[in-house]
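# sharing a sequence plus its predicted fold:
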Amino acid sequence: AQSVTQPDIHITVSEGASLELRCNYSYGATPYLFWYVQSPGQGLQLLLKYFSGDTLVQGIKGFEAEFKRSQSSFNLRKPSVHWSDAAEYFCAVGAQERSDMRFGAGTRLTVKP
Amino acid sequence: DVKVTQSSRYLVKRTGEKVFLECVQDMDHENMFWYRQDPGLGLRLIYFSYDVKMKEKGDIPEGYSVSREKKERFSLILESASTNQTSMYLCASRPYLGQGSGANVLTFGAGSRLTVL
């Protein structure tokens, strides 16, 4: 079965610092990978997605993620964090052969002034 | 823009009540999903539907059932609500599974926060 692991429950970074949120997946076929963000009291918004091709994908709000098949990882990065990035981030995995989609437990990001 | 509308934003029910959570999407999507979101557990898949009258269990279907009689509507039913079903419920939809810029991207509703007393 598909599964997604986000090892970090909570991360705190200073504003202006770089950010990396980790995501590992388990799936036998080629996965489709996603990052979603949920700001406090808001719905989930797609940040970026990977289907195939270039393993470094760019998303909205200055985020990027890199797919590493050998490590079964899809880590999210941002070079300089803004206070408005404080939110919960979810990694998700799907696949062309399947209809379902699984999410990780989420990483809550706190941004210090 | 695709809209996924969940009929109730907040509900308070009593233990043993039958609860219906309704979800409607307006973009002719084939796939629809119900998740529950709990702190520290993320989104867990309850049921999904890949077409009208078709459904599959997700990871936590116990205590829930679903109905999809029309393409645009996907209902989650709690036959006899229990306190451990207090949670945020999220509905989502997406186009038919396949390659392409829109395929496989879920669009979520705003959520329904259910409290069972």
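Received, thanks. Residues are numbered from 1 along each chain as shown, chains lettered A, B, ... in the order given.
# now do the helices in chain B.
Remark: helices of chain B are absent; assignment by DSSP state H.
# list, one by one, the residues from it near chain A.
Counting by C-beta under 8 Å from any C-beta of the partner chain, the positions of chain B adjacent to chain A are B:31, B:33, B:35, B:40-45, B:48, B:50, B:56, B:58-59, B:90, B:97-99, B:104-106, B:108-111. Using the backbone N, CA and C atoms, a C-beta is placed for each residue, glycine as well.
# could I have the buried ones of those residues as ChimeraX selection syntax?
For the buried members of these, the matching ChimeraX selection, counting by 16 or more other C-beta atoms under 10 Å in any protein chain shown, is:
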select /B:31,33,35,42,43,44,45,48,50,58,90,97,104,105,106,108,109,111
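# quick one: residues contacting residue 44.
No chain in the question, so chain A it is. A:36-38, A:90, B:90, B:106, B:108 (C-beta atoms under 8 Å, 6 or more residues apart in numbering or on different chains).
# my question was about chain B, not that one.
Going by C-beta under 8 Å, 6+ apart, residue B:44 touches A:103, B:35-38, B:58-60.
# go again using 6 Å as the cut-off
Applying C-beta atoms under 6 Å, 6 or more residues apart in numbering or on different chains to residue B:44 gives the contacts B:36, B:59-60.
# any chance of those residues in CSV with pLDDT as columns?
Formatted as CSV, those follow (pLDDT from 0 to 100):
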residue, pLDDT
B:36, 97
B:59, 91
B:60, 95
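# which ones among these map onto strands?
Cross-referencing those against strands under DSSP state E gives residue B:36.
# from the contacts of residue B:44, which is closest to residue A:94?
Comparing the contacts of residue B:44 against residue A:94 with C-beta to C-beta picks out residue B:59 as the nearest, at 14.2 Å.
# list the residues that contact the closest one.
Contact partners of residue B:59, counting by C-beta under 6 Å, 6+ apart, are B:44-45.
# repeat that with 10 Å
Applying C-beta atoms under 10 Å, 6 or more residues apart in numbering or on different chains to residue B:59 gives the contacts A:1-3, A:100, A:102, B:35, B:44-47.
# look up how far residue B:30 lies from it.
Distance of residue B:59 to residue B:30, computed by C-beta to C-beta, to the nearest Å: 21 Å.
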